[in-house]
Each structure stands twice: as C-alpha cells, then as structure tokens.
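Student: 3D, please:
(2 chains)
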Amino acid sequence: MYRTKFFDHLILILGAAFLIGPVVVALMTSTHEAAEIHRQGLMLTPGGHFVDTYEKVLTREGGFTGQVTGLRMIMNSLILGLGFAVGKIVLSMLAAYAIVYFRFRFATLAFWMIFTTLLLPLEVRIMPSYEVVSRLGLLNSYTGLIVPLLASATGTFFFRQYFKSVPDELLEAARIDGAGPFKFFIDVLVPLSQTMIAAVFIIMFVYGWNQYLWPVLMTTDESFYTLMRGIKQILQVWIGSQIPDYNEAFALAVLAMLPPVAIVVLFQSWFIKGLTESDK
Amino acid sequence: MASIEINSVSKTYIGGTTAVDAVDIQIRDGEFIVLVGPSGCGKSTLLRMVAGLETISDGTVSIGGRVVNDMEPADRDIAMVFQNYALYPHMTVYENLAYGLKNRRTPKSEIEARVAEAARMLELEPYLARKPRALSGGQRQRVAMGRAIVRKPAAFLFDEPLSNLDAKLRVSMRGEIRKLQRRLGTTAIYVTHDQLEAMTLADRLVVLNGGKIEQIGTPLEVYHRPASTFVASFIGSPAMNLLKGNLDGDQLAIGPAVIAMAGAVAASGAVTVGLRAEDLRSVGANEAGLPFEVDYVEELGAHRLVHGLLGDQPLSAMLPLESEITGRMTLAVAPERLHFFDAETTRRIETPFARQQIAAPVTFAPSELV
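Tutor: Modelled structure (predicted):
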C-alpha cells in the first residue's frame, strides 16, 4: 500500500495555502480601517473593525439615491442567481426532453442550432439583446435581467446526454404502465435527473451570481443593483480628498463569496455524482 | 385473460429491412407460448408489436377479440417483463408495483390489496420499502413480475426475462414463472433464445428464423418431428447431427455406411439425414453399423458425449458410461429414429416411423405441476 509521505503533504498544504491565501488576505484586510489600508496596503493580521465594517456594509443606505443597502444588493444577486439557475434548468430540461424523446422533423438540426449558440456567448450578442429588452420595456426589471440569459446550450447538452443514458426500457415500462409524456417526465425523468439537476444548478447559480456586464447594462435604477456592481461602486467614489473604502469593498467581496460557497458545500456530493455517475 | 390472434403480421423498417414476415399465430386463452430463435430472428420485434412498442407494418393483432393495432400499450391490457427489469430506480418496490395502478386511477385501498397479494405470492413482503438497487438480480426480476401481476392483465409478455440471471437462479425462476402463469391462468408470450428454456416453459413453441415461422408445436412435437433442418439443429442439446445422405430405394448411404430402410421413405436421391446423439448406441466391431472415428470425449457425468467423424462428416453420440470408447467404433441407430430432410428445401420428409413415435407421447399432463 502506498503510504503518504512528507513530500505529498507538503504539496497538498502548498496548494491549499495558494488557494486560500487571497481569501484570507481579503478577510483580514476588510477588518481594518480604510485609511490604514491606504497607507499600509494589504493586511495579514486581523484588525479591530470586523463588526462595524460588516454592519455598515450590510445596512448603510448608500448610492446616489441613498437607498441601496448591502442586504438589498445581496437580495438582488440571489434573485438573479436563483432565477438563472432554476429557469435554465427548467428550460434546458424541456428542450432536451423534446430532442431526445420526440421524433419530429429537424430534431437533429434543432439540437445543433442550440449547440452552436455555445459559440455565441452573451458578450457577442450583447447589443442586440439590449435592444430587444429595451424595446420590450424590460429595462430595470428582474424579468429583463433574467429572461434573456435563460436559454442554455450547456444545460441542454448536459441533459440531452443524460437522458440518452436512461435505458429505453424505462420509457417502455412507463408507457405500458399508462404514463403519458407528461407523467413520464415528472414521475420518472425528473427524479432520475436529481444529481444532474444539482450539478447544473451549481454551475448556473454561480454563473448568474457572478454576472457583471449584463446587469450593468440592464439596470440604471439602484434598487436593482447586484453585489458585483456594488463592489465596483464603492471603489468609484473619489470625491475630493476622500479615499475609497477599501475595507468595505473587501467586506462586500467576502460576503459575495459566501452564497456560492455555501451552495457548493451543500450540493457537492450530488455535484460530483451528477457529473461522474453515468448510470444508476 | 384472453386469446391473442396474430394475423399475417409483418414488420418492415424504413429502408426496406423486413424483420417479421407475415407471421400467423393463434394463441388460446391461458396458453403459454414461447417464441424462440437465434438473435435477429424477429422474435423480440414480434413481441414488441403485440405490446404496442413497435408499430405494425402489416396485418392485425387482436387481444381478446379487439384489434389493438392502433392502441397505446397502456390500453392493450397487457403487462410486460423486460430483460433488464426496467424498474424505476428512484421508487421503492411498493411504488414500482403501484405505479401502473396509480396511473389507472385505481382506488387506494384496491392498490394496497393488490400489491400486498402480489408481494405475498412473490415473497417480496420484506423488501417493499427498499429501492431496486438494494435488491439482488432474482429479487429485481420478481419485482418486475410483480409489476405485471398487480395489473391483472389479459396477457403477460416476457422479453428474455431470465437472461441477466446466473444459471442456477435461471432454473429456479423458470419454475416460478411457470407455476405462477399456471396459477393465474393468464395467457403468456415469452421470448427467449435459449432452447432449453423454451422447451421447459412452453405449452407451444414457435420457432422463428429470419422473420418467418419455421414451426409451431408442443415441445415434444418440435423435438421429435422438427419441420426443417433449422429446427432440428436449434432445438435439443446437443444439436441434432445433420449428415449428407443418399436414398436409393430402401438403401440409405451415409458416407461409407449403408442402412437398410425397408422402403419406408417416400423420397430418393440426396437427402439430409438427422440423427439425435442419444439415439446412437455402440455395437460390437463386427456388427453392421456406422464406422465412427472418435475425436474427443465430453464427460457429462451421467453420459459421455463422444465427438468424431463418420466418413468425413462430424457426428456426436451420447453414450452410456458402460460403453467402451475406442479410437474406432461402430455405432448403430434404429431406422425409425432417423429424420429426413429435403436436401434442397431443408423441409422435413415424413416417415411413417416418426408419426408412430409422436403418437405415443409421454402421458404427463403438465398441469399436474401445480
């Protein structure tokens, strides 16, 4: 049997330190005062302002209108992330279901069209998308934020591959058991896809949570600001001799990290199963 | 409970491949029919057409007097058992059994009663709360059968249900399926490529080859009066020896050997002669018979299976342990034990002998099994 040696541990510890390091620096720095950070740069030791900085970040009503709190931004980010994840899963599961289980004209063509949109990420189509959303009068709304990004080639592809691995006999057994297309989907496919759903959920939630460019374009109303915009906002405030609130920016960044981390930790066993387990 | 009529049913795939070619089978109420044949002979396709999982290209299938060609599988009043069980992996055994009934809006109390009854019959009671993955292969197979039983369908359809089980379990499950079908009296169609399974289960066998029926008959009929060389070589283990022979009046020549036939066969010229391994016996070297050069011997315990050559044609003989095995032997066979097939069409040529044989079948009514 292979026994772990000193050198193995060293590599693992170095790797872990390398990954955790920046997070620790951000956390430590966020507990100091802005002026101190401006003078001395990044900190590695805890300062004494943890509670008041974080409280301020979460509850202070800032922005131009003086109404956006950190909590509000977290809420917006959550709505965006969850809306993205849930919407994408529902949409791509239905698309994959149609492609895999129904024989219709141009099914393969439809699949490849969906698949090629992988080559057209948001950044490429951002102007037309903006145009469409603004003509529909959906600027500054959650609908406008979420819906244009829902179609997901990645999700459709994942679910298509997964559905293809579900044995045909299961469909046949369900047909003999009197389950129509809708029942089969709800009673058999959805429960079977649980792990896959969890995996896609994580990927899509983090993707939605980290969106920056799209919300910047879509929202001018501060009550729709997401965390990602909030961080940027704090650093942009150069008024007179005022220095940016580095501590608050770091605090927001740390806060912004928590929900995705929580979700990954929560779903990680399902996540791994969903991506690696091919059959039941 | 119902009879099933399959009237000149064909299956032609897009592209012109014909998988099933004008098949006629009349299945009586409560009968156990086994479709048997090599892989690709169309037996599964035929079953799936009865089930409604494949469309019927031509002909009609009726179950209990209703033509079901255009009906959904669920409306045909059939239940199917699949080779890989096809249990819903995320449902417990109970839910698996109840799912079909639930979809039919059966009242809850009725579902509970029927599931309980099926579970008792199949000895699944301790496992009702388990998921299929926590069950062994045999238990999964029983759940799959339970799913068919609870529906109380007009017919059971089995698609090679025992192929995934190990040899020992297969034998015991075979018995269970047979007993269950007898007890419930439900018409059954069973597909297998295993001729032994076919022989032991069937009331009647349907031997299929290349999408066409070679023969329909009881196991004994098929065994003792194979309708063609295909059936002869497919049914029975070891397979029937098929040798090239020549009939000239009452003389049958097989390679170097000549057998006197007393003019019983209504044919002459080149024929294919069928010989069951167990019909051969060893005789003294001086007696008349078939000169046999032994190649190798398979020990089967109760018997020896001796492989060798008769002239230049391979031949196997099942000999009792008492028979002495030497390099060169002489084998004898009773002329009435010979089967004749047309060398061109491969169809059977009747002999009066064979008819006598089948006229006195084993008088064991299989229903006494129950």
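Student: residues contacting B:Thr192?
Tutor: B:Val34, B:Leu35, B:Val36, B:Glu160, B:Leu162, B:Ser163, B:Ala198, B:Leu201 (Cβ atoms under 8 Å, 6 or more residues apart in numbering or on different chains). (Glycine included, C-beta is placed from N, CA and C.)
Student: Between the residues you listed, which sits nearest chain A?
Tutor: Of all the contacts of B:Thr192, chain A sits closest to B:Glu160, with 11.4 Å by Cβ to the nearest Cβ.
Student: So what's the residue count around the closest one?
Tutor: 20 (other Cβ atoms under 10 Å in any protein chain shown).
Student: Any buried residues in the helix or strand bottoming out on mean pLDDT in chain A, and which?
Tutor: When the helices and strands of chain A are compared on mean pLDDT, DSSP states H and E, helix A:227-236 comes out lowest with a mean of 75. Under the neighbour-count criterion of 16 or more other Cβ atoms under 10 Å in any protein chain shown, helix A:227-236 has A:Leu227, A:Met228, A:Arg229, A:Gly230, A:Ile231, A:Gln233, A:Ile234 buried.
Student: what's the offset of whatever helix or strand comes next after that helix from the middle of its chain?
Tutor: Next helix or strand after helix A:227-236 toward the C-terminus (DSSP states H and E): helix A:246-276. Relative to the centre of its chain, helix A:246-276 is centred 9 Å away, using Cα atoms, centre = their mean, to the nearest Å.
Student: Report whether helix A:246-276 contacts chain B.
Tutor: No: contact of helix A:246-276 with chain B (Cβ under 8 Å from any Cβ of the partner chain) is absent, the minimum separation being 13.2 Å.
Student: which secondary structure element contains the residue sitting furthest away from the middle of chain B?
Tutor: Relative to the C-alpha centroid of chain B, counting by Cα atoms, centre = their mean, B:Asn286 is the outermost residue, at 41.2 Å. Per DSSP H and E: B:Asn286 is located in neither a helix nor a strand.
Student: ok so, going back, quick check, nearest of the buried residues of helix A:227-236 to B:Ala317?
Tutor: A:Met228 (85.4 Å; Cβ to Cβ).
Student: What's the mean pLDDT across stretch B:288-302?
Tutor: In this model, stretch B:288-302 has a mean pLDDT of 90.
Student: how many neighbours does B:Gln139 have?
Tutor: 19.
Student: Verify the stated contact: it with B:Leu128.
Tutor: No: B:Gln139 is beyond contact range of B:Leu128, at 11.3 Å (criterion: Cβ atoms under 8 Å).
Student: does B:Ala253 count as helix, strand or coil?
Tutor: strand (DSSP: H, G, I helix; E, B strand; the rest coil).
Student: what's the closest non-adjacent residue to the residue positioned nearest the centre of chain B?
Tutor: In chain B, the centroid-proximal residue (Cα atoms, centre = their mean) is B:Ala198; its distance is 2.5 Å. Using Cβ to Cβ, 6 or more residues apart in numbering or on different chains and skipping the chain neighbours, the partner closest in space to B:Ala198 is B:Val36 (3.9 Å).
Student: Leaving aside the residues adjacent along the chain, what's closest to B:Ile216?
Tutor: B:Val206 (5.1 Å).
Student: what about the one you found, which SS state?
Tutor: strand.
Student: Mind pulling the model confidence for it?
Tutor: Looking at B:Val206, the pLDDT reads 95.
Student: which ones are touching A:Leu255?
Tutor: By Cβ under 8 Å, 6+ apart, the neighbours of A:Leu255 are A:Tyr54, A:Val57, A:Leu58, A:Gly70, A:Ile74, A:Leu227.
Student: Make a PyMOL selection of the buried ones in these.
Tutor: Provided next is the PyMOL selection string for whichever of the contacts of A:Leu255 are buried by 16+ other Cβ under 10 Å:
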select buried, chain A and resi 54+57+58+70+74+227
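Student: And the helices in chain B?
Tutor: B:43-51, B:93-103, B:108-121, B:137-149, B:167-184, B:195-201, B:219-224, B:229-234, B:352-359 (DSSP state H).
Student: Can I get the contacts of B:Thr192 in CSV including distance to B:Ile27 and pLDDT?
Tutor: Shown next, in CSV, are the contacts of B:Thr192 (distance: Cβ to Cβ, whole Å; pLDDT from 0 to 100):
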residue, distance to B:Ile27, pLDDT
B:Val34, 11, 95
B:Leu35, 11, 95
B:Val36, 15, 94
B:Glu160, 19, 91
B:Leu162, 21, 90
B:Ser163, 23, 88
B:Ala198, 15, 92
B:Leu201, 14, 92
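Student: how many other residues sit next to A:Ala17?
Tutor: Neighbours around A:Ala17, by other Cβ under 10 Å: 10.
Student: Excluding chain neighbours, give the residue nearest to A:Ile74 in space.
Tutor: Nearest one to A:Ile74, counting by Cβ to Cβ, 6+ apart, is A:Leu227 at 6.0 Å.
Student: Count residues in the vicinity of B:Ser44, would you?
Tutor: By other Cβ under 10 Å, neighbour count at B:Ser44 equals 21.
Student: what's the spacing between it and B:Asn286?
Tutor: From B:Ser44 across to B:Asn286, the span is 53 Å (Cβ to Cβ, to the nearest Å).
Student: now do A:Pro167
Tutor: Distance from A:Pro167 to B:Asn286, by Cβ to Cβ: 64 Å.
Student: List the residues that contact B:Glu287.
Tutor: With Cβ under 8 Å, 6+ apart, B:Glu287 has these contacts: B:Thr330, B:Ala332.
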